[in-house]
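> Coordinates for the following, if possible.
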Amino acid sequence: MTVRRCAAALAAATAVLGGAAPAAFADGTPSPAAVPPGLYGTKDPQYDGVFRQSLAFLAQEKAGVKPAGQAVTWLTGQQCESGAFTAFRADATKPCDPKAMLDTNATSAAVQALVALGGHDDAVKKGIGWLKSVQNDDGGWAYNPGSKSDANSTAIVIGALAAAGEKPAEVKSAKGGKSPFDGLLTFALPCDGPSPSSEGAGGDPNGGAFAYQGDLKTGKLYANADATAAAVTGSLGKGLTATAGPADAKGTACEKATTPEQAAHNGAAYLARTLAPTGFLKSAMPGAESQPDFGNTADAVVALAADGLSQQAKASADWLAKNATAWAKESGPAAYAQLIFAADATGADPTNFGGVNLVKSLNATGPAPESAASPAPSSEKSDQKSDDKNDGISVWWIVGVCLVAGIGVGFLISGRKKNQQL
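I've put the predicted structure just below:
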């Protein structure tokens, strides 16, 4: 979710600084003057509206909260006739623009949310049908149809398929007959051989990790923690709200992976080794200082728990409880949802996570839910303390990093657009 988080930060910068968003992100949808009624969060939803709404619903379902009908109507109204979702439609009364960038990640998140809400079988069926129609020959999916597959998109589609009652292993590409798990395995780094980042030193510290994609020129795989966290849950056939799995007795050893389960173990082992020194993952954005990546760490906690490395998952969840609430307050509903997922996967209390009631805080970012869990008695006091405590990453650091990364992301999305035209 790194690119999506970066896009959201750039949107926030645009609102504060009065500048223009990078043209590379434009999909023809004008930036709204105000957040539409029913949508969670206060920042420009052009790049993440559907995604953050979906994560909010998934987190509320975990907490036993029934969202407002207005909020649900907003999400269902975003679906295109094809079954796909874009990142955001400013005017849902009009048909989807044929040139709009359809988004497998937004569609997969929305499908998982609609399944959790219940009563939206037709919308779920249409969403799954569209996802199947844009599967690549290698069995995987791209962020936008027409581009090369990537680990993150393939993993989140697997989560949508599983949530909808499909058997991901049986969803085969029209050409080649490859499954989503076949696609994921192509992004897994082997356990032996020299590391690309260790100048040929024996024994690859990145062994078992997943790459986002192979290098566009050489095809070489480079470890990516964000892609690894997504691929671990995907390889296990689980979605965004994956729960703790049976204990993984293999620890952090890396083994030759020929099955999705073995690849999941290797990916989780890589995450555990990487997290061990500090408890958090560091930002991999170009030009960034050595700063914690809270969202990536939360995703890694879910992945570790899903694989059964519960002790390692809990250690990082405890770190998040102490350090991540200020980040969530600044970042909005999707960030609160990620922390709720991490708390749920490790058996922590999301209504008292580092002294903060994550559920109450999430609910406050959108329309009042129809029914809500009772807040913890000390949540208001704790929330006030978190406002004053500067224990998280500042939005200005995020903006600075994302502006540096914007050129690279621009090329990435521009390339996807070109691929769609071929």
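
> Now do the same contact list for the nearest residue to residue 266 once chain neighbours are set aside.
Closest residue to residue 266 apart from its sequence neighbours, by CB to CB, 6 or more residues apart in numbering: residue 208 at 3.1 Å. For the C-beta atoms, the positions are set from N, CA and C on the backbone; glycine is no exception. Counting by CB atoms under 8 Å, 6 or more residues apart in numbering, residue 208 touches 188, 189, 191, 254, 257, 265, 266, 267, 269, 270.

> do that again at 10 Å, thanks
By CB atoms under 10 Å, 6 or more residues apart in numbering, residue 208 lies in contact with 188-191, 223, 228, 232, 252-255, 257, 262-273.

> ok, and it, which helix or strand is that part of?
Assessed by DSSP states H and E, residue 208 sits outside every helix and strand.

> Out of the helices and strands in the chain, which is least certain?
The weakest-scoring helix or strand in the chain, judged by mean pLDDT, DSSP states H and E, is helix 395-421 (a mean of 38).

> pLDDT at the residue nearest to residue 266, what is it?
For residue 208, the model assigns a pLDDT of 96.

> Make 56 the starting number, not 1.
Sounds good: first residue 56 from here, last item residue 263.

> Can you give me the distance of it to residue 238?
The gap separating residue 263 from residue 238 is 18 Å, by CB to CB, to the nearest Å.

> follow-up on the earlier one: of the contacts of residue 263, select the buried ones using a ChimeraX command.
Selection of buried members from these for ChimeraX, criterion 16 or more other CB atoms under 10 Å:
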select :243,244,246,278,283,287,307,309,312,317,318,319,320,321,322,323,324,325,326,327,328
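
> and the contacts of residue 263, which of them are in helices?
In helices, defined here by DSSP state H, the members of these are 283, 287, 317-328.

> Just send the residues you listed back as a markdown table, with pLDDT too.
Listed next are the ones in helices among the contacts of residue 263 as a markdown table, based on pLDDT from 0 to 100:
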| residue | pLDDT |
| --- | --- |
| 283 | 98 |
| 287 | 98 |
| 317 | 96 |
| 318 | 97 |
| 319 | 98 |
| 320 | 97 |
| 321 | 97 |
| 322 | 98 |
| 323 | 98 |
| 324 | 97 |
| 325 | 97 |
| 326 | 97 |
| 327 | 97 |
| 328 | 95 |
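
> Distance to residue 204 for the residues you listed - can I get that in TSV?
Shown next, in TSV, are these (distance: CB to CB, whole Å):
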residue	distance to residue 204
283	16
287	17
317	20
318	15
319	18
320	22
321	19
322	17
323	22
324	24
325	20
326	21
327	26
328	26
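
> roughly how far apart are residue 283 and residue 400?
From residue 283 to residue 400 the distance is 16 Å (CB to CB).

> just for the stretch 356-477 of the chain, where's the confidence low?
Judged by pLDDT under 70, the stretch 356-477 of the chain has its weakly predicted residues at 427-477.

> for the closest residue to residue 187 other than its chain neighbours, what are its contacts?
Closest residue in space to residue 187, ignoring its immediate chain neighbours: residue 226 at 6.2 Å, by CB to CB, 6+ apart. Taking CB under 10 Å, 6+ apart as the contact definition, residue 226 lies against 183, 186, 187, 190, 194, 212, 213, 216, 233, 234, 235, 236.

> Can you give me the distance of residue 226 to residue 241?
Residue 226 is 16 Å from residue 241, by CB to CB.

> try residue 109
27 Å.

> Neighbours of residue 404, how many?
Residue 404 is flanked by 13 other residues according to other CB atoms under 10 Å.

> I'd like the distance between it and residue 118.
10 Å.

> Now for those two: what residues contact both?
Listed as contacting both residue 404 and residue 118 by CB under 10 Å, 6+ apart are 398, 412, 413, 414.

> Hmm, residue 364 and residue 326 touching each other?
Yes - using CB atoms under 10 Å, residue 326 makes contact with residue 364 at a distance of 8.1 Å.

> thinking again about what came up before, go through the shared contacts of residue 404 and residue 118 and say which is closest to residue 179.
When these are compared for distance to residue 179 (CB to CB), residue 414 wins out at 24.9 Å.

> so which helix or strand takes in that closest one?
helix 413-418.

> Which elements pack onto that helix?
The contact analysis (3 or more CB pairs under 10 Å, 6 or more residues apart in numbering; DSSP states H and E) places helix 413-418 against helix 104-117, helix 380-386, helix 388-400, helix 434-443.

> Save those helices as CSV, and put in distance to residue 131 and mean neighbour count too.
Below are those laid out as CSV (distance: least, CB to CB, whole Å; neighbours: other CB atoms under 10 Å):
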stretch, distance to residue 131, mean neighbour count
helix 104-117, 10, 27
helix 380-386, 25, 23
helix 388-400, 18, 27
helix 434-443, 31, 14
